[in-house]
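Novice: sequence plus the predicted model coming up.
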Amino acid sequence: MRIVVQEQPFDFAAEATAFAKGRTDLGAVITFQGIVRAGDTGDMERMVIEHYPGMTEKALQKIADEALTRWNLGDVLVIHRYGEMRAGDQIMMVATASRHRKDAFEAAEYLMDYLKSRAPFWKKEYAGEGSAWVAAKDEDEDALSRW
Amino acid sequence: MALEILYFAWVRERIGLPKERIDTNARTVAELVEELKAREERYAVAFADISALRVALDQDLSDFSASLEGVREVAFFPPMTGG
């Protein structure tokens, strides 16, 4: 398992290729990449993600540990960025590997659901002179109840 | 006891600082919040609606009724928006 919290961009293709490489026991690899959207009105110029150093790593570790106990996984990777980003930039990625695809698919969704509302990141969007903190959505909280 | 208090996102902006060290006799998070609110208007504004806030004790999510016994670091922030 690898958990990375960093400001700089990461190489998604290289990470995806290296993930679970050589593990002939694992028949399924799922990779997910989160990208900065231009905002619902399309006028967002940049986004700044704040985080809680120390707790962020701890929270991501806890979420990944829980995924490992719930599903039969060979490996887990979570990379999440903080700092300034623009529309189209990568924010984060999750990769899961398992013997059969169901475990990897479900675990990847679980990781995404939990790191949306249980990992200490906060997004602030900037457009022109204005800026606003992104509000948490009720459906993100509701998404946790299915697990 | 001495506590390190951290603020994030709009809580940090409203209070005007990222962290501070305080001496308190508060036994629970709720008591600490009341103590902070009584200090100055900016705290009262930031903590006006605690249902809109989350709290972490020593970097683990907790709740406002939790005890502060043995705790060294308290963080207040809005609901998280990762992913």
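Specialist: Yes, it's here.
Novice: stretch A:55-63 near chain B at all?
Specialist: Yes. Among the residues of stretch A:55-63, A:Met55, A:Lys58, A:Ala59 lie within reach of chain B under C-beta under 8 Å from any C-beta of the partner chain. The way it works is simple: take the backbone N, C-alpha and C, and place the C-beta from them, glycine included.
Novice: ok, stretch A:112-119 next?
Specialist: Yes. Applying C-beta under 8 Å from any C-beta, one finds stretch A:112-119 touching chain B at A:Met112, A:Leu115, A:Lys116, A:Ser117, A:Arg118, A:Ala119.
Novice: do the same with stretch A:124-142
Specialist: Yes. For a cut-off given as C-beta under 8 Å from any C-beta, stretch A:124-142 has contacts with chain B, namely A:Lys124, A:Trp133, A:Val134, A:Ala135, A:Ala136, A:Glu141.
Novice: about what we covered before: which of the residues of stretch A:112-119 next to chain B ranks first by neighbour count?
Specialist: Ranked by the number of neighbours (other C-beta atoms under 10 Å in any protein chain shown), the residues of stretch A:112-119 next to chain B place A:Ala119 first, at 26 neighbours.
Novice: surely that one is in a strand?
Specialist: No. A:Ala119: not assigned to a strand; according to DSSP: H, G, I helix; E, B strand; the rest coil it is coil.
Novice: how about it, what does it touch?
Specialist: Under the criterion of C-beta atoms under 8 Å, 6 or more residues apart in numbering or on different chains, the neighbours of A:Ala119 are A:Thr56, A:Ala59, A:Leu60, A:Ile63, A:His80, B:Met80, B:Gly82, B:Gly83.
Novice: okay, now the third one: neighbour count?
Specialist: Other residues near A:Leu60 come to 25 when the count uses other C-beta under 10 Å.
Novice: which SS state does it fall under?
Specialist: With three-state DSSP as the basis, A:Leu60 sits in helix.
Novice: distance of it relative to A:Arg37?
Specialist: As judged by C-beta to C-beta, to the nearest Å, A:Leu60 and A:Arg37 stand 22 Å apart.
Novice: what pLDDT does the model give the spatially closest residue to A:Gln6 that is not a sequence neighbour?
Specialist: Distances taken as C-beta to C-beta, 6 or more residues apart in numbering or on different chains put A:Arg81 closest to A:Gln6, at 6.1 Å, once the chain neighbours are dropped. Listed pLDDT for A:Arg81 reads 98.
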